[in-house]
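Asker: Give me a 3D structure for the following:
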Amino acid sequence: MHKAITTIIGLVAPLSLVAAISSATAAPPTRAAEDRYISARDAAIEKISAIYDAGNRDDAARKAEDAASADLEAQMRAILDEPTRDGFGPARLNIDTFSRGDEGFGLLDGLRFDAMLGKNGETAGQDGADGKYVEPKAHIIVTTQTLFERWLRAHKDWWGKNSRNVPQQIGAALKDESFYTQAISSGSAVVNFNSLPIVRPTAASFAYAMLAGRTQSEIPDAADNVFVSVIANGKVYIAYGSIDPKVQVPACLAIRTSYNNKAEQADDDLRSEKIDRKAYGKLGDLRQKGEDAYKRCFTQNAPKQPSFAEATRQAERLLTSALNTR
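Answerer: Coordinates of the predicted model:
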């Protein structure tokens with residue numbers, strides 16, 4: 001490299017030398033492409049949010065959103081240069097909406113591959129034999145490490161400064177359920193029950209898998225999803241999907257049921273004036289105590305279930321698909 005620069009100095013005019021040095025110190029092509037993507041995405045958010053905020057949810061608004069999606073997807077494809085995956089459909093942009101007021105706004109920037117089959121083996125993306133829509137059994141999201149870090153910074157206070165937000169360290173974020181709730185379109189919160197003992201691939205600097213469930217209220221009765229995250233070659237790969245069989249611990253459910261029964265009895269006693277408000281307050285939030293006790297029990301006992309080993313195997317298969325290795 002030094003010899004080449006010396007040759008340039010001896011052979012070109014000073015103006016040409018300045019141009020050569022400027023070119024050498026310019027932002028790498030991928031980073032420059034990411035800058036263009038972020039700029040175009042933010043412009044689309046401003047434009048489309050303003051349209052929807054004005055109440056104009058018409059064909060013109062949807063066409064503007066479709067055009068923005070197509071443009072950004074093309075840019076993301078060029079940035080990532082990702083091949084197709086066996087059993088998964090073509091890559092699509094992992095952004096559901098550009099309107100700040102919509103549920104699902106602020107998903108992780110990247111490409112998403114959706115499985116072509118649902119968990120029951122039927123073709124995904126259409127109604128099944130029972131007339132219900134068939135969700136893809138699994139999904140893979142790919143992004144660059146630098147885009148991921150930008151997303152983290154933007155989500156530092158996403159739920160407000162007084163709430164528990166996504167950790168700002170990339171490894172910590174990939175182990176935290178709040179990241180998956182914010183980054184992935186699911187319509188529900190992700191609950192991390194246990195880490196899964198997957199083997200880290202040689203090419204990866206980081207790998208993590210977790211046994212999980214989804215909820216819109218209380219912690220679910222069973223873990224029916226796995227999530228796998230890997231950092232390799234400057235990219236972040238996230239794969240997630242439903243598992244069969246579910247992982248369930250009946251003894252833990254009994255603990256939660258016991259707390260809920262105590263909570264109902266306390267409510268009845270307060271209404272019937274068997275206890276006063278002060279005594280009721282001393283009991284604390286029995287339902288929350290039951291949730292906490294249930295999750296602690298599940299985390300401790302799930303690895304003893306035969307279904308836990310099967311969940312680990314399914315997570316490793318997802319990892320193979322995410323990295324596109326065979």
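
Asker: Where does the prediction get shaky in the stretch 201-326 of the chain?
Answerer: 326 (pLDDT under 70).

Asker: same check, this time on the stretch 51-200 of the chain
Answerer: 186.

Asker: Find the helix or strand that Leu270 is a member of.
Answerer: Per DSSP states H and E, Leu270 falls inside helix 250-271.

Asker: helices or strands up against the longest helix along the chain?
Answerer: Taking DSSP state H as the criterion, the chain has its longest helix at helix 29-53. When contacts are defined as 3 or more CB pairs under 8 Å, 6 or more residues apart in numbering; DSSP states H and E, helix 29-53 sits against helix 59-80, helix 145-154. In short, each C-beta sits where N, CA and C put it, glycine included.

Asker: Go through those helices and name the closest to Phe193.
Answerer: Across the helices and strands packed on helix 29-53, Phe193 has its closest neighbour in helix 145-154 (23.6 Å, CB to CB).

Asker: quick revisit: redo the helices and strands packed on helix 29-53 as JSON lines? Include mean neighbour count and distance to Ala209.
Answerer: Shown next, in JSON lines, are the helices and strands packed on helix 29-53 (neighbours: other CB atoms under 10 Å; distance: least, CB to CB, whole Å):
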{"stretch": "helix 59-80", "mean neighbour count": "15", "distance to Ala209": "22"}
{"stretch": "helix 145-154", "mean neighbour count": "17", "distance to Ala209": "18"}
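
Asker: Export those helices as JSON lines, with columns for distance to Lys175.
Answerer: Compiled in JSON lines, the helices and strands packed on helix 29-53 are given as follows (distance: least, CB to CB, whole Å):
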{"stretch": "helix 59-80", "distance to Lys175": "23"}
{"stretch": "helix 145-154", "distance to Lys175": "13"}
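
Asker: First-to-last residue distance for stretch 145-163?
Answerer: 25 Å (CA to CA, to the nearest Å).

Asker: All the strands of this structure, in order from the start?
Answerer: 92-93, 111-114, 138-144, 189-195, 204-215, 223-232, 235-247 (DSSP state E).

Asker: Let me have those strands in TSV, adding distance to Ala311 and mean neighbour count as columns.
Answerer: Below are these laid out as TSV (distance: least, CB to CB, whole Å; neighbours: other CB atoms under 10 Å):
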stretch	distance to Ala311	mean neighbour count
strand 92-93	27	18
strand 111-114	21	22
strand 138-144	13	24
strand 189-195	9	19
strand 204-215	6	20
strand 223-232	6	24
strand 235-247	5	21
